[in-house]
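Participant: Sequence plus predicted model, see below.
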Amino acid sequence: MSRALVPAVVVTLFIVGVQLVVLTNLRVAGVVVMAVWLWPLAVGLSGSTALGVVVAGVGGLCVDAHAITPFGLTAVVGGLVAWAAARLGREGVGDLESAAWWVTPILGGIVGLLAPALYVVLGAVVLNFSLWRGSVLDAMWVNAIAFAVFARPFARLGRAVTRLAPAMRR
Amino acid sequence: MASDRAKRRAWTLGVSATLAATLLYLTVGVESGLRSAINLVVSPFSWTVSEIARPVGHLFAGAINYSDVVAQNQRLRYELGKAQTALNQTWAMQRQLQQLTTQLHVPFVGSLPVVAAQVTTLAPTSFAATVDISVGRDNGVLAGMPVVANGGLVGTVISTTPHGSTVRLITDANSAIGVTYKNSSTSIVVSGHGLNNAMGASAVSLTSSIRPGTVLFTDGLSGGLYPLGLPVARVTNVNLTPGATTYDVGVTPTADLTNLFYVDVVLWEPST
């Protein structure tokens, strides 16, 4: 993990930069694509639970620092995505070489669909009941499509980063 | 063995989730400082991405001098918005005169100073309608101050740093504004329903003269959050559900919130 941590955090910070500078202005149907959730998914699918949770935490907190929504909520959702993806990754699901080509995009689509809903539900847990009044359904389908499209490129990037920490996958 | 490991994992996850939930509550007090520190770390990366993304975007736009045209367009929109705001406030000035003569002493925005600001960042998620602007406490901006642009009220400052502020837009789901309209003696509350959804007002009396096209202004009630006479929204539809005793009113902001580049912060505090 120590070898992969620094590059993973640096890549995460660049993804946060893309999230804040590019994706917030490049809205689809008024919705922001949450790259900071796709990245933990990609890292998680490579089997690295700890690294996935770390990048989810760093990316999520950085985005939350710019939002008025509950602080840490994006990080928690990213962390859960990373944890679930890592469980699948350890079983070889979503592996770019051994699994079918469509598995990773399908997983990305499912996560993109569920993550905004999870965000709203967890928001209610921390007593913020206004999140559902936004455009949750729009956020779900837009993120599902975007995650499906970009899941493989992100997974390749995630694999490249986590290869720096072979011991961590066990 | 495997089940022990699974149990340990479940415990770890449970403890982590509990800690995270606790942190969400505990960090409220130190949240502001934490946000500033994180912004400090992220800003070089955002700057780098911005520097890379901007020329690429311009390249795709394919026009020579595109940046200048965009900047000029933004300035023009700002000027046009100011002119529209001034025009929309005419009736409020007349009303203010009447109120002054009756010695109500209600402050009027036309006489209040403003600070111009540039919009630096839009909300990074789809779950809140906010923008960050380039002026903060060092410029006299405080939480609670109204923000106007492009022909009307844009939102309210909700947090400040020395050099920046966050503005909650009037379309945010947590936004509620007391408004009135010409020839009306009553107030109604206009609420935001999220960035992509229309705003609305409910429980509008059947005796009101509200019609599509009616412009709604802040009511400036004593102790209210806004000064009198800021244009907020224009009525788009007035619905009466069968059996209901009040109107449901759909409204659209008078300010163009999709093209926010420059705004004015009105240096007016709710307590004044």
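Facilitator: Cool, the structure landed.
Participant: Do stretch A:8-22 and chain B come into contact?
Facilitator: Yes: residues of stretch A:8-22 are located near chain B by C-beta under 8 Å from any C-beta of the partner chain, namely A:13-14, A:16-22. Where C-beta positions appear, they are placed from N, C-alpha and C, glycine not excepted.
Participant: could you pull out the helices for chain A?
Facilitator: A:2-18, A:35-45, A:49-64, A:73-90, A:103-125, A:136-162 (DSSP state H).
Participant: Which neighbouring elements make contact with the longest one?
Facilitator: Here helix A:136-162 touches helix A:2-18, helix A:35-45, helix A:103-125, going by 3 or more C-beta pairs under 8 Å, 6 or more residues apart in numbering or on different chains; DSSP states H and E.
Participant: Mind listing what's buried along the shortest one?
Facilitator: Going back to what we said before, that points to helix A:35-45. By 16 or more other C-beta atoms under 10 Å in any protein chain shown, the buried positions in helix A:35-45 come out as A:35-45.
Participant: Identify the residues contacting the spatially most central residue of chain A.
Facilitator: In chain A, the centroid-proximal residue (C-alpha atoms, centre = their mean) is A:Trp37; its distance is 1.9 Å. Taking C-beta atoms under 8 Å, 6 or more residues apart in numbering or on different chains, we find A:Trp37 in contact with A:56, A:74, A:77-78, A:81, A:111-112, A:115, A:143, A:147.
Participant: Please list only the buried members of these.
Facilitator: Buried, going by 16+ other C-beta under 10 Å: A:56, A:74, A:77-78, A:81, A:111-112, A:115, A:143, A:147, out of the contacts of A:Trp37.
Participant: Serialize these to CSV and add fields for pLDDT.
Facilitator: What follows is the buried ones among the contacts of A:Trp37, written out as CSV (pLDDT from 0 to 100):
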residue, pLDDT
A:Ala56, 94
A:Thr74, 93
A:Val77, 95
A:Gly78, 95
A:Val81, 95
A:Val111, 95
A:Gly112, 95
A:Ala115, 95
A:Asn143, 95
A:Phe147, 95
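Participant: Where does the prediction get shaky in the stretch 51-200 of chain B?
Facilitator: B:56-66, B:90-111, B:196 (pLDDT under 70).
Participant: For it, which residues are neighbours of chain A?
Facilitator: Residues of the stretch 51-200 of chain B lying near chain A (C-beta under 8 Å from any C-beta): B:53, B:121-130, B:132, B:158-159, B:166, B:168, B:173-174, B:193-197.
Participant: so of the helices and strands packed on helix A:136-162, which one's packed in deepest?
Facilitator: helix A:35-45 (a mean of 31; mean count of other C-beta atoms under 10 Å in any protein chain shown).
Participant: And stretch B:118-137, end to end?
Facilitator: 15 Å (C-alpha to C-alpha, to the nearest Å).
Participant: Now do the contacts for A:Val54.
Facilitator: A:Val54 neighbours (C-beta under 8 Å, 6+ apart): A:5, A:8-9.
Participant: so who does A:Met34 touch?
Facilitator: A:19, A:23, A:74, A:115-116, A:143, B:125.
Participant: can I get those in TSV with distance to B:Phe45?
Facilitator: Putting the contacts of A:Met34 into TSV (distance: C-beta to C-beta, whole Å) gives the following:
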residue	distance to B:Phe45
A:Gln19	10
A:Leu23	14
A:Thr74	17
A:Ala115	23
A:Pro116	24
A:Asn143	22
B:Thr125	18
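Participant: okay, the angle between the lowest-mean-pLDDT helix or strand in chain A and helix A:49-64?
Facilitator: Counting by mean pLDDT, DSSP states H and E, the weakest-scoring helix or strand in chain A turns out to be helix A:2-18, with a mean of 88. Our comparison of helix A:2-18 with helix A:49-64, counting by axes from the mean of the first three to the mean of the last three C-alpha atoms, to 10 degrees, yields an angle of 30 degrees.
Participant: gap between helix A:2-18 and the chain center?
Facilitator: 13 Å (C-alpha atoms, centre = their mean, to the nearest Å).
Participant: what does it contact?
Facilitator: A:35-36, A:39, A:43, A:48, A:51, A:54-55, A:58-59, A:62-63, A:157, A:161-165, A:168, B:41-42, B:45-50, B:53.
Participant: change it to 7 Å
Facilitator: A:35-36, A:39, A:43, A:51, A:54-55, A:58-59, A:62-63, A:157, A:161-162, A:164-165, A:168, B:42, B:45-46, B:48-49 (C-beta atoms under 7 Å, 6 or more residues apart in numbering or on different chains).
Participant: Make a ChimeraX selection of whichever of those residues turn out to be buried.
Facilitator: Buried residues within the contacts of helix A:2-18, by 16+ other C-beta under 10 Å, are selected in ChimeraX with:
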select /A:35,36,39,43,51,54,55,58,59,62,63,157,161,162,164,165,168 /B:42,45,46,49
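Participant: so B:Thr166 touches B:Ser159, yeah?
Facilitator: Yes: B:Thr166 is within contact range of B:Ser159, at 4.7 Å (criterion: C-beta atoms under 7 Å).
Participant: C-terminal to the helix or strand in which B:Arg8 is found, what's the next element?
Facilitator: B:Arg8 is part of helix B:2-26 when elements are defined by DSSP states H and E. Using DSSP H and E, the helix or strand that follows helix B:2-26 in sequence is helix B:31-61.
Participant: what's the angle between that following helix and helix A:2-18?
Facilitator: 70 degrees.
Participant: still on that earlier bit, quick check: angle from the least confident helix or strand of chain A to helix A:136-162?
Facilitator: Using the same axes, to 10 degrees, helix A:2-18 lies at 140 degrees relative to helix A:136-162.
Participant: Please consider this matter closed, and thank you.
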